[in-house]
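A.B. asks: Next comes the sequence, and after it the predicted model I'd like to discuss.
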Amino acid sequence: MSVLTLGGRRFAAGLFWLERGGTVALARNARRFGRPYCVHRDGQTGYAPDEGDPGGCPSLAASLRAHLRSGFWMALVEADDGRCALVKVRDGQVLADGDEVFEDRTAALEAFERARSLGWALYATPGPAGEDLAGGIDVAALPGGPELRLAPAPLARFSGGKAAGVLFLLFALAGAGASWPHRDAVRNLFAGAPPAVETVRAAVEPAVTAAIDGPALIEACRRAMTRHPPWLPAWRTERVTCEGRFADEALLAVRPELRDRPVLVARWRLPAERSEALHRRVAEEHLAGWYAASVADGRAWAVAPLDPVLRLSDATPPPFLAFRRAVDRRLGGPDARIEYASGERRDGGIEVRVATGLPLARVAALVGGVPGLEIVRLASDAAGAWRLEGRRAAPVSMPRSLYERLTGEIER
């Protein structure tokens with residue numbers, strides 16, 4: 001943690017941010033991390049050590065959070081002495097490691113530059129970051145009201161034994177005699193106020209059951225590759241995947257709106273003998289039409305939403321032996337290799353994998369003839385062969401509003 005001077009005003013940066021808890025949790029965290037100062041903002045608490053006299057200083061991250069209204073952004077702020085602070089906010093919350101101070105301006109700029117291809121809305125004070133920003137930051141306009149300033153955390157300077165003794169004494173006093181007028185106030189101070197009793201019964205949203213339509217997924221994948229050919233000049237294609245319900249946490253950190261959506265994902269690697277500077281620009285031009293993409297350090301990825309493939313279904317899974325016979329009869333052949341998961345432990349519920357050299361249009365027709373087969377993913381390797389991953393039909397229950405969101409059009 002550091003106290004930075006911005007245009008003559010002092011701000012605390014480099015705080016450690018956690019979900020806000022009650023007073024007891026607040027005191028415990030402050031002692032555990034050796035950070036006796038804190039500030040609350042939007043359901044979070046930022047903790048700061050006793051360095052540079054931070055008491056009364058506004059938190060830079062909290063001030064930026066109040067100043068910038070978007071929910072997914074990164075801000076680079078240069079202090080009067082040349083040090084830089086980098087603040088990252090996702091879904092309106094400061095990330096646990098999203099409040100950093102850099103003594104080296106170059107290191108801060110490198111971290112900021114890496115975010116340009118990851119979908120963050122970027123903000124910066126004039127000078128350090130160049131162009132292509134969502135907006136500039138005027139440090140004179142940053143708020144610094146009392147609600148943004150650091151204050152000592154309660155009981156943070158007591159040792160564990162002394163704090164426990166104080167808590168025991170106050171709880172004992174709070175529990176002693178109904179006539180003591182401040183009993184409830186002391187209880188609420190350390191345990192938090194009791195939750196309000198909800199007297200209105202919430203309406204129960206109707207649920208639906210749905211499953212992935214395998215032929216629709218394969219056809220959507222084929223159409224998406226027509227719109228977005230998954231190849232790059234001079235780059236080696238590592239993997240092309242069509243997912244029925246997207247769950248890659250690394251990419252969802254960039255595009256969280258794609259969670260559980262059907263998507264096309266492609267990944268490439270640049271051979272070592274190729275010039276990265278030249279071929280990075282070529283790759284960026286080719287991937288400009290994808291929904292999201294990144295090219296960095298000799299690797300590239302891109303993602304594009306597919307047409308909806310989730311369908312209402314109340315199908316019951318067939319017996320495994322009958323399911324296996326149907327798959328073998330319909331999908332088996334000289335161009336196919338079929339593998340079945342053994343035992344009860346199956347990777348992500350996958351029960352069958354089918355490798356085939358047939359074109360996707362033909363594969364979709366064959367899959368449609370297997371009753372009870374739910375294709376959840378198909379992938380192509382560097383050689384261009386496709387592998388289907390599926391299971392016996394396993395419809396999932398979900399609120400109708402979620403089903404309608406997942407089957408509606410995504411904003412592009």
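C.D. replies: Ah, there it is.
A.B. asks: middle-most residue in this protein, spatially?
C.D. replies: By CA atoms, centre = their mean, the chain has its centre lying nearest to residue 253, at 3.1 Å.
A.B. asks: give me every residue that touches that one.
C.D. replies: residue 90 (CB atoms under 8 Å, 6 or more residues apart in numbering). Where C-beta positions appear, they are placed from N, C-alpha and C, glycine not excepted.
A.B. asks: how much space between it and residue 294?
C.D. replies: For residue 253, the distance to residue 294 equals 12 Å [CB to CB, to the nearest Å].
A.B. asks: so what's residue 299 closest to, chain neighbours aside?
C.D. replies: Once flanking residues are discounted, residue 299 sits nearest to residue 269: 5.7 Å by CB to CB, 6 or more residues apart in numbering.
A.B. asks: Distance check, that neighbour against residue 51.
C.D. replies: From residue 269 over to residue 51 the distance is 44 Å, taken as CB to CB.
A.B. asks: just residue 357 next, same as before
C.D. replies: For residue 357, the distance to residue 51 - CB to CB - is 64 Å.
A.B. asks: Could I get the buried residue list for stretch 279-291?
C.D. replies: Within stretch 279-291, the residues scored as buried using 16 or more other CB atoms under 10 Å are 279, 280, 282, 283, 286, 287, 290, 291.
A.B. asks: Turn these into JSON lines, including pLDDT and distance to residue 390.
C.D. replies: Shown next, in JSON lines, are the buried residues of stretch 279-291 (pLDDT from 0 to 100; distance: CB to CB, whole Å):
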{"residue": "279", "pLDDT": "85", "distance to residue 390": "36"}
{"residue": "280", "pLDDT": "86", "distance to residue 390": "37"}
{"residue": "282", "pLDDT": "85", "distance to residue 390": "36"}
{"residue": "283", "pLDDT": "89", "distance to residue 390": "32"}
{"residue": "286", "pLDDT": "89", "distance to residue 390": "32"}
{"residue": "287", "pLDDT": "91", "distance to residue 390": "30"}
{"residue": "290", "pLDDT": "92", "distance to residue 390": "26"}
{"residue": "291", "pLDDT": "92", "distance to residue 390": "25"}
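A.B. asks: which among those gets closest to residue 234?
C.D. replies: The closest of these to residue 234 turns out to be residue 279 (CB to CB; 5.1 Å).
A.B. asks: was I right about that closest one contacting residue 271?
C.D. replies: No: counting by CB atoms under 8 Å, residue 279 does not reach residue 271; the two are 9.2 Å apart.
A.B. asks: Overlap in contacts, the two.
C.D. replies: 234, 235.
A.B. asks: The nearest residue to residue 75 once chain neighbours are set aside in helix, strand or coil?
C.D. replies: Of all residues not flanking residue 75 in the chain, residue 123 sits nearest, at 4.3 Å (CB to CB, 6+ apart). What DSSP: H, G, I helix; E, B strand; the rest coil gives for residue 123 is strand.
A.B. asks: burial of residue 123, as a residue count?
C.D. replies: Other residues lying near residue 123 total 21 when counted by other CB atoms under 10 Å.
A.B. asks: where does it land on pLDDT?
C.D. replies: According to the prediction, residue 123 has pLDDT 87.
A.B. asks: Could you report the separation of it from residue 86?
C.D. replies: 11 Å.
A.B. asks: can you check residue 45 too?
C.D. replies: From residue 45 over to residue 86 (counting by CB to CB), the distance is 20 Å.
A.B. asks: do the same with residue 135
C.D. replies: 16 Å.
A.B. asks: out of those two, which sits in the busier spot?
C.D. replies: Counted by other CB under 10 Å, residue 135 and residue 86 do not tie: residue 86 has more neighbours, with 23 against 13.
A.B. asks: So residue 318 belongs to a strand, correct?
C.D. replies: No: membership of residue 318 in a strand is not supported by three-state DSSP, which gives coil.
A.B. asks: Just the CA atoms of the strand or helix carrying residue 364, as PDB, please.
C.D. replies: Take DSSP states H and E as the rule and residue 364 turns out to sit in helix 360-368. Extracted in PDB, the C-alpha atoms of helix 360-368 (Å, rounded to 0.1, in the frame of the first residue of the first chain):
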ATOM      1  CA  LEU A 360     -20.400 -31.800 -40.500                       C
ATOM      2  CA  ALA A 361     -23.600 -31.700 -42.600                       C
ATOM      3  CA  ARG A 362     -23.500 -35.500 -42.800                       C
ATOM      4  CA  VAL A 363     -22.600 -35.900 -39.100                       C
ATOM      5  CA  ALA A 364     -25.600 -33.800 -38.100                       C
ATOM      6  CA  ALA A 365     -28.000 -36.100 -40.100                       C
ATOM      7  CA  LEU A 366     -26.500 -39.200 -38.400                       C
ATOM      8  CA  VAL A 367     -26.700 -37.700 -34.900                       C
ATOM      9  CA  GLY A 368     -30.300 -36.900 -35.400                       C
END
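A.B. asks: by contact count, what packs against it?
C.D. replies: Helix 360-368 sits against helix 214-227, helix 320-331, strand 373-380, strand 386-392, with contacts defined as 3 or more CB pairs under 8 Å, 6 or more residues apart in numbering; DSSP states H and E.
A.B. asks: wait, which of the ones you listed is closest to residue 16?
C.D. replies: Short answer: strand 373-380, nearest of the helices and strands packed on helix 360-368 by CB to CB, at 38.2 Å.
A.B. asks: roughly how far out does that closest one sit from the chain middle?
C.D. replies: Between the centre of strand 373-380 and the centre of its chain there are 24 Å (CA atoms, centre = their mean, to the nearest Å).
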